[in-house]
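> Give me a model of this one.
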Amino acid sequence: MWMAELAARSELPVATIKYYLRQGLLPAGEATGATRAVYDEAHVRRLRLIRALTDVGQMSLETVREVLAGIDDAGSVHDAVGSAHTRLGGTPEEPASDAALRVVADLLERHGWELAPDSPQRTVLARALDTLVGLDFPLTPEDLDGYAAAMASIAPAEVASVLADTREETAERAVIGTVLVEPVLLTIRRIAQENASREVSS
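Below is the predicted model of the structure:
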């Protein structure tokens, strides 16, 4: 497809697409002349992904660049999912307490879970636990186990849902699932809480 069709399919202005090309966020098309190139479905998918990351994920283009690099470098489905989570999870500005990190380590051990050495999830969770303790609303190991069990029940289906024909597509879908499905999970949780509170009040 030509640039005009790519713009129509991705719902992005031609000027924006050319900017992404100059910045290396979008691979070059197949040259058909000195100033013309053709593009394919992979370009459409990549542009839609960039748009989701910037519009929905509220990411800077530099962060988007890191996420896309992780997609391109992923060697397996596991690598793709891990790369998405590592780059999308964020890292707290303040370190977590040793006590909270031990709570997280115990949680992982109880459930037989492992994390990559560079995964930010351990610190993100520990900092959240520190914040709750500071607000006099600590979570018990039983609370955490309940949450872990709930997440463990849906994680296999979520991972299965991102599988695609190619590694690149799988990595892209892993990122999309992380960015776009998390608001769905949070909203459903809030709806469930609202209905649970109604039952308690009645």
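> Counting neighbours, what do you get for G70?
Neighbours of G70 under the rule other CB atoms under 10 Å: 21. No exception for glycine: its C-beta is placed from N, CA and C like everyone else's.
> Pull up the gap between it and A160, please.
Distance, G70 to A160, using CB to CB, to the nearest Å: 21 Å.
> which stretches of this structure have low pLDDT?
Within the chain, the ranges that satisfy pLDDT under 70 run 74-77, 80-92, 202.
> the helices in this structure, which residues?
Assigned by DSSP state H, the helices in the chain fall at 3-10, 14-23, 41-51, 61-73, 77-88, 98-111, 121-134, 141-161, 167-201.
> now the angle from the longest one to helix 41-51?
So that's helix 167-201. Between the axis of helix 167-201 and that of helix 41-51 there is an angle of 40 degrees, by axes from the mean of the first three to the mean of the last three CA atoms, to 10 degrees.
> could you give the angle of helix 167-201 to helix 61-73?
Helix 167-201 and helix 61-73 are oriented at 120 degrees to each other (the same axes, to 10 degrees).
> related to what we said a few turns ago, looking at the helices of the chain, which is buried most?
Stretch with highest mean neighbour count among the helices of the chain: helix 77-88 (a mean of 20; mean count of other CB atoms under 10 Å).
> outside of stretch 22-42, which residues touch it?
Contacts to stretch 22-42, defined as CB atoms under 8 Å, 6 or more residues apart in numbering, come from residues 1-3, 5-6, 17, 20-21, 43, 46-47, 50, 61, 64-65, 68, 168.
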